[in-house]
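K.L.:
Just to be clear, the model below is a prediction. Sequence and coordinates:
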Amino acid sequence: MILTVDIGNTNTVLSVYTPEKKLVFSSRFATDSTMTDDQTAIVFKSAAEINGFDLSLVSGAIISSVVPPLMTACKGAIKRLTGVDPFVVGPGIKTGLNIKIDDTSIAGADLVCAAVGALEKYTPPMIIFDLGTATTITAIDSLGAFIGGAIMPGIKISLDALSSRTAQLPHISTELKSDMIIGTNTIDCMKTGIILGSASMIEGMIKRFKRVLGEDAAVIATGGLSDTVVKHCEENIVVDRDLVSEGALAIYFKNK
């Protein structure tokens with residue numbers, strides 16, 4: 001069994017796959033950059049146990065992280081629970097991805113994994129949206145090369161900023177009635193603004209990226225908020241929540 005760990009700024013996703021790349025289970029929990037090796041091991045073990053999985057069955061592991069302070073704790077926890085030294089997505093690891101940006105060493109591990117995962121399943125050119133703490137866009141050209149993208153504040157960051165910097169706007173959830181366009185109270189106005197505004201931004205960026213990549217570019221969305229926003233988009237977008245984990249798994253096999 002292969003263990004993948006995707007450490008994001010808001011959430012961490014722990015997944016286990018068979019050697020045939022079939023998902024056994026996936027567990028999502030809040031990222032806490034202050035956790036020690038022991039605390040991380042407890043969380044990982046609990047996640048496995050509630051899914052009825054024995055971590056002693058793990059024979060390989062790989063970590064994708066955008067939270068450097070957690071790397072040591074995560075590696076230590078995996079070693080302690082499985083006896084395995086995990087691969088880490090970063091400089092020096094084989095990805096098979098042709099990265100054509102100014103400084104390849106700064107390509108985020110999550111973006112690299114998402115790109116690799118997408119190339120395993122979809123045909124380039126591609127536009128990949130990751131809707132998490134930040135909203136990121138990755139452009140893959142027709143030859144499968146990672147040529148760049150865009151980064152902007154994520155939905156929850158935008159909502160938190162709006163609520164904390166204004167005296168009369170409350171903290172709210174991101175649930176939006178499917179037929180709502182024009183809000184008639186403060187909370188609904190905030191929800192339509194942030195959700196439909198984000199959906200409109202995505203639609204606009206797709207059109208602009210397609211001018212460069214070609215109108216046949218596939219569009220894929222991943223990340224914790226992908227379902228929330230994509231259902232309000234008028235563009236054809238495939239939601240693939242396991243894209244980063246599957247990309248990390250593909251990278252594991254390239255380095256095994």
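P.N.:
Everything's here; your move. Numbering: from 1, shown residues only.
K.L.:
for this structure, which spans come out with low pLDDT?
P.N.:
Counting by pLDDT under 70, the chain shows no low-confidence range.
K.L.:
Quickly note the distance from the residue positioned nearest the centre of it to residue 183.
P.N.:
Residue closest to the average C-alpha location in the chain (C-alpha atoms, centre = their mean): residue 223, at 4.1 Å. For residue 223, the distance to residue 183 equals 25 Å [C-beta to C-beta, to the nearest Å]. (C-beta placed from N, C-alpha, C; glycine too.)
K.L.:
Now do stretch 179-193: distance from first to last residue.
P.N.:
Stretch 179-193 stretches 14 Å from its first residue to its last (C-alpha to C-alpha, to the nearest Å).
K.L.:
which residues touch it?
P.N.:
By C-beta atoms under 8 Å, 6 or more residues apart in numbering, the residues outside stretch 179-193 that reach it are 159, 162, 168, 169, 170, 172, 174, 175, 176, 177, 196.
K.L.:
Look at the nearest residue to residue 151 once chain neighbours are set aside and give its secondary structure.
P.N.:
Counting by C-beta to C-beta, 6 or more residues apart in numbering, residue 136 is the residue found nearest to residue 151 once chain neighbours are left out, at 5.2 Å. Under DSSP: H, G, I helix; E, B strand; the rest coil, the three-state class of residue 136 is strand.
K.L.:
Next: residue 115.
P.N.:
Looking at residue 115 with three-state DSSP, the answer is helix.
K.L.:
before we move on, which element is residue 188 in?
P.N.:
helix 186-191 (DSSP states H and E).
K.L.:
end to end, how far does stretch 217-227 reach?
P.N.:
Termini of stretch 217-227 sit 20 Å apart (C-alpha to C-alpha).
K.L.:
make that stretch 139-147, sorry
P.N.:
Chord length of stretch 139-147, first to last residue, is 6 Å (C-alpha to C-alpha).
K.L.:
if I read this right, residue 229 contacts residue 197, doesn't it?
P.N.:
No - if you go by C-beta atoms under 8 Å, residue 229 and residue 197 don't touch, sitting 9.8 Å apart.
K.L.:
More neighbours: which of those two?
P.N.:
Per other C-beta atoms under 10 Å, whichever of residue 229 and residue 197 has more neighbours is residue 229, with 26 against 14.
K.L.:
what's the more buried one in contact with, if anything?
P.N.:
Counting by C-beta under 8 Å, 6+ apart, residue 229 touches 131, 155, 195, 198, 199, 202, 221.
K.L.:
Mark which of those residues are part of helices, please.
P.N.:
Counted as lying in helices by DSSP state H, out of the contacts of residue 229, are 155, 198, 199, 202.
K.L.:
Closest to residue 96 out of these?
P.N.:
Relative to residue 96, the closest of these is residue 202; by C-beta to C-beta it sits at 27.8 Å.
K.L.:
and residue 217, what is it in contact with?
P.N.:
Residues in contact with residue 217 (C-beta under 8 Å, 6+ apart) are 124, 125, 126, 127, 209, 210.
K.L.:
For the stretch 51-200 of the chain, which segments count as strands?
P.N.:
With DSSP state E, counting those that start in this stretch, the ranges of strands along the stretch 51-200 of the chain come out as 60-65, 87-88, 98-99, 126-131, 134-140, 145-153.
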